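Participant: When you get a sec, could you give me coordinates for this:
(one chain, ligands or ions: 1)
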Amino acid sequence: MSHGKFLATLAGTRFPTPPIWLMRQAGRYLPEYRAVRATTRSFLDFCYTPDKAVEVTLQPIRRFGLDAAIIFSDILVVPHALGQKVWFEEGEGPKLEALTDPVQFGQLSRARLADHLAPVYQAITATRAALPRETALLGFAGAPFTLACYMIEGAGSRDFAKVKLWAYRHPDSFGLLIDLLVEAIVDHLAYQVEAGADAVQLFDSWAGVLPEEQLFSWSLEPMIRIAHALHARHPKVPIIAFPRAVGPAALMYRRPDAFAALSIDTGIGAHWAMQELQPHICLQGNLDPLMLVAGGPALEREAHRILNKLGHGSFVFNLGHGVVPQTPPEHVAQLVDIVRHWKPSSS
Ligand SMILES: Cc1c2[nH]c(c1CCC(=O)O)Cc1[nH]c(c(CCC(=O)O)c1C)Cc1[nH]c(c(CCC(=O)O)c1C)Cc1[nH]c(c(C)c1CCC(=O)O)C2
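Facilitator: Next up, the predicted model:
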């Protein structure tokens with residue numbers, strides 16, 4: 001049997017109101033998260049401490065009763081497990097010892113991935129045991145292109161110019177990095193499913209910097225390879241694809257052979273998504289995270305607008321990107337209430 005409304009929705013069942021969870025639902029906007037976070041200096045050590053990861057994964061479920069939990073971890077644990085130096089600087093975000101030469105790709109190895117990431121899998125097993133039956137547990141990974149962005153740039157960037165120039169000038173060597181990441185991500189996702197994750201999400205947060213042809217080769221195609229390889233190991237596990245900021249190229253990601261759902265960011269119009277995407281695939285999204293900061297009537301109007309477009313079809317309510325730290329927790333409670341009390345006939 002499945003874990004409630006979220007998994008049933010991904011499998012095609014319709015309910016009077018859609019299930020809801022939020023990307024980055026565990027995080028600094030919650031005082032109880034900040035309290036646990038303050039007990040570990042290094043963010044990665046925090047991710048690798050199962051007791052703490054379990055606790056902060058459960059916090060938003062206890063507070064808001066969301067339909068799915070997402071395991072507390074980070075996409076950059078994969079480059080770290082492959083042997084790259086990764087650290088988080090206070091107030092600056094992630095830093096990596098940037099790859100500057102294809103020779104360095106050869107030094108990355110997935111031989112130790114399972115050992116290195118064992119604490120993540122332990123946290124998943126313990127979280128699954130602690131969650132209510134009806135609450136699904138999501139595992140996740142960064143998609144190959146987004147991981148390659150951080151691995152080559154060495155940090156976040158506005159345009160990832162260094163990465164794009166490498167990919168455009170040396171597609172063969174860039175392809176080798178993507179291939180290594182595909183294999184590592186398949187392993188990481190399979191281990192998460194084996195530990196107890198009910199579904200997984202692939203975050204391609206930086207897909208939107210690529211033109212169409214490269215979007216196909218470096219974002220979509222590797223994600224489809226991951227989906228097919230994961231399904232060869234775990235045939236039924238639902239995979240949600242989140243290619244952020246790709247605009248109308250989201251049409252390419254309507255691939256029910258690979259993905260159970262497509263997560264859409266705020267830049268995609270709900271009406272267009274209803275007409276062009278939803279007949280082919282379950283959608284997830286697409287509330288502006290800043291609406292959740294605003295709260296009040298603005299939040300209610302916008303949530304209703306999205307529900308009135310997408311709530312009649314196959315849909316999981318979520319944000320277009322992650323919860324931001326300045327979000328008042330009461331506004332999350334307000335949103336859950338709005339979604340659960342929505343009447344499909346209302347306009
Ligand atoms: C690009 C990316 C990263 N990490 C992630 C992405 C993809 C989604 C997206 O586009 O936002 C994914 C991620 N990161 C985190 C989660 C946990 C699960 C959840 O969604 O609740 C998930 C799913 C925790 C985190 N990952 C991070 C934090 C904040 C650090 C802290 O609490 O000290 C959290 C809660 C750090 C992180 N990690 C990353 C960045 C850029 C940062 C710094 C920005 C920031 O500080 O908010 C890389």
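
Participant: just the strands in the stretch 101-250 of the chain please.
Facilitator: With DSSP state E, counting those that start in this stretch, the ranges of strands along the stretch 101-250 of the chain come out as 136-142, 199-204, 239-243.

Participant: Buried ones in the helix or strand of the chain with the lowest mean pLDDT, by neighbour count?
Facilitator: Lowest by mean pLDDT, DSSP states H and E among the helices and strands of the chain is helix 102-105, with a mean of 88. Within helix 102-105, the residues scored as buried using 16 or more other C-beta atoms under 10 Å are Gln104, Phe105. For glycine as for every other residue, the C-beta is placed from the backbone atoms N, C-alpha and C.

Participant: Check the offset of that helix from the chain's centre.
Facilitator: 28 Å (C-alpha atoms, centre = their mean, to the nearest Å).

Participant: and the closest residue to the ligand within the stretch 101-250 of the chain, what does it touch?
Facilitator: Minimum separation of the stretch 101-250 of the chain from the ligand (C-beta to the nearest ligand atom) falls at Ser205, amounting to 3.1 Å. For Ser205, the contact set (C-beta atoms under 8 Å, 6 or more residues apart in numbering) comprises Ile75, Gly142, Thr146, Phe242, Arg244.

Participant: Just confirm the first one contacts Leu147, I think it does.
Facilitator: Yes. Counting by C-beta atoms under 8 Å, Ile75 sits close enough to Leu147 to count as a contact (6.5 Å).

Participant: Now do the contacts for Ala303.
Facilitator: Ala303 touches Leu287, Met291, Phe317, Leu335, Ile338, Val339, Trp342, counting by C-beta under 8 Å, 6+ apart.

Participant: looking at the residues you listed, which has the most residues close by?
Facilitator: Within the contacts of Ala303, most neighbours by other C-beta atoms under 10 Å means Phe317, with 29 neighbours.

Participant: Next, the closest residue to it other than its chain neighbours: phi, psi?
Facilitator: Leaving aside its chain neighbours, Phe317 sits nearest to Ile20 (4.0 Å; criterion: C-beta to C-beta, 6 or more residues apart in numbering). Dihedral angles of Ile20 (phi, psi; degrees, to the nearest 10) stand at phi -140, psi 130.

Participant: separation between Ile20 and Val77?
Facilitator: Counting by C-beta to C-beta, to the nearest Å, the separation of Ile20 from Val77 is 26 Å.

Participant: Which one of these two is surrounded by more residues?
Facilitator: Ile20 (27 against 21).

Participant: hmm, back to that, pipe the contacts of Ala303 into JSON lines and attach pLDDT per row.
Facilitator: Shown next, in JSON lines, are the contacts of Ala303 (pLDDT from 0 to 100):
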{"residue": "Leu287", "pLDDT": "98"}
{"residue": "Met291", "pLDDT": "98"}
{"residue": "Phe317", "pLDDT": "99"}
{"residue": "Leu335", "pLDDT": "98"}
{"residue": "Ile338", "pLDDT": "98"}
{"residue": "Val339", "pLDDT": "98"}
{"residue": "Trp342", "pLDDT": "98"}
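
Participant: Return only those of those found close to the ligand.
Facilitator: Among these, not one lies near the ligand by C-beta under 6 Å from any ligand atom.

Participant: What about those residues, which are in helices?
Facilitator: Under the assignment DSSP state H, the contacts of Ala303 contribute Met291, Leu335, Ile338, Val339 to helices.

Participant: contacting residues around the least confident helix or strand of the chain?
Facilitator: Leu99, His170, Ser173, Leu176, Leu177, Leu180.

Participant: what's the helix or strand for the closest residue to Gly142 other than its chain neighbours?
Facilitator: Nearest in space to Gly142, with sequence neighbours left out and distances taken as C-beta to C-beta, 6+ apart, is Ile75 at 3.1 Å. Counting by DSSP states H and E, there is no helix or strand that carries Ile75.

Participant: burial of Ile75, as a residue count?
Facilitator: Ile75, neighbours per other C-beta under 10 Å, totals 20.

Participant: try Ala227
Facilitator: Neighbours of Ala227 (other C-beta under 10 Å): 22.

Participant: can you pull the contacts of Thr49?
Facilitator: Thr40, Pro119 are the contacts of Thr49 under C-beta under 8 Å, 6+ apart.

Participant: Is stretch 138-156 positioned near the ligand?
Facilitator: Yes. Interface with the ligand: stretch 138-156 contributes Phe140, Gly156 (C-beta under 6 Å from any ligand atom).

Participant: Quick one: end-to-end length of that stretch, please.
Facilitator: End-to-end span of stretch 138-156 (C-alpha to C-alpha, to the nearest Å): 25 Å.

Participant: ok, now stretch 86-102?
Facilitator: End-to-end distance for stretch 86-102: 18 Å, by C-alpha to C-alpha.

Participant: how about it: buried residues?
Facilitator: Neighbour-count burial for stretch 86-102 flags Val86, Phe88, Pro94, Lys95, Leu96, Ala98, Leu99 (criterion: 16+ other C-beta under 10 Å).

Participant: picking that back up, tabulate the strands of the stretch 101-250 of the chain in JSON lines, adding columns for mean pLDDT.
Facilitator: Formatted as JSON lines, the strands of the stretch 101-250 of the chain follow (pLDDT from 0 to 100):
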{"stretch": "strand 136-142", "mean pLDDT": "99"}
{"stretch": "strand 199-204", "mean pLDDT": "99"}
{"stretch": "strand 239-243", "mean pLDDT": "99"}
